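Chemist: this is a predicted model, with the sequence first.
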Amino acid sequence: MKQYQLTNLGACCRCHKKLAQTASPMFFTLKVERWMLDIMAVQRQIGLEMQIGPLAGVMGPDEDLAEKIGESKTMMICIECSFRDVVIAALAEGSGWGERSNAATRWGQVTPAEAANLQIRKT
């Protein structure tokens with residue numbers, strides 16, 4: 001990986017440390033893409049499979065069953081953070097993981113004690 005590629009990756013998407021500031025020189029790169037099923041295309045494919053069986057894959061229109069939403073995002077995560085709980089949706093949205101966010105609560109990544117603490121702070 002060239003210098004400009006490392007520079008474009010920036011810091012760890014979870015702890016926000018730069019690569020040289022982490023304890024290990026190893027890291028992962030993640031490419032996150034958001035997709036959505038095209039329900040009408042899926043229904044057409046299922047209907048065709050019900051009519052002609054396994055030949056539907058060969059004789060069908062071969063249309064896309066899912067559509068990509070937005071652009072893909074490439075990010076870096078350090079080795080230490082890769083062994084911890086990570087909410088991919090929160091990382092993709094750019095909120096990181098510095099504090100437990102609402103996204104973490106929605107995805108069930110908050111312990112019951114932390115959830116109670118969050119509820120106390122809200123009131």
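Modeler: That came through fine.
Chemist: which phi and psi does residue 23 have?
Modeler: phi -70, psi -30 (degrees, to the nearest 10).
Chemist: now do the SS call for the residue nearest to residue 88 when sequence neighbours are not counted.
Modeler: Nearest residue to residue 88, sequence neighbours excluded (Cβ to Cβ, 6 or more residues apart in numbering): residue 32, at 6.5 Å. In this view, the C-beta of every residue, glycine as well, is placed from N, C-alpha and C. Secondary structure for residue 32, judged by DSSP: H, G, I helix; E, B strand; the rest coil, is strand.
Chemist: ok, which stretches of the protein are strands?
Modeler: For the chain, strands defined by DSSP state E occupy the ranges 27-37, 66-78.
Chemist: so where's the chain uncertain?
Modeler: Along the chain, the parts satisfying pLDDT under 70 run over 94-123.
Chemist: recalculate using a threshold of 50.
Modeler: Counting by pLDDT under 50, the ranges of the chain that qualify are 96-107, 119-123.
Chemist: any idea where the helices of it begin and end?
Modeler: Listed in chain order, the helices of the chain (DSSP state H) span 3-9, 39-52, 56-59, 79-82, 88-93, 102-106, 112-122.
Chemist: on that earlier part again, contacts only, for the residue nearest to residue 88.
Modeler: By Cβ atoms under 8 Å, 6 or more residues apart in numbering, the contact list for residue 32 reads 72-75, 88, 91-92.
Chemist: per the annotation, how does the protein divide into domains?
Modeler: The chain resolves into domains spanning 1-84, 85-123 when parsed by automatic domain parsing.
Chemist: before we move on, back to that, who does the residue nearest to residue 88 form a beta bridge with?
Modeler: Here residue 32 sits in beta bridges with residue 73, going by DSSP bridges.
Chemist: how much space separates the residue nearest in space to the middle of the chain from residue 14?
Modeler: Most central in the chain under Cα atoms, centre = their mean is residue 88, positioned 3.6 Å from the mean C-alpha point. Using Cβ to Cβ, to the nearest Å, residue 88 is found at 11 Å from residue 14.
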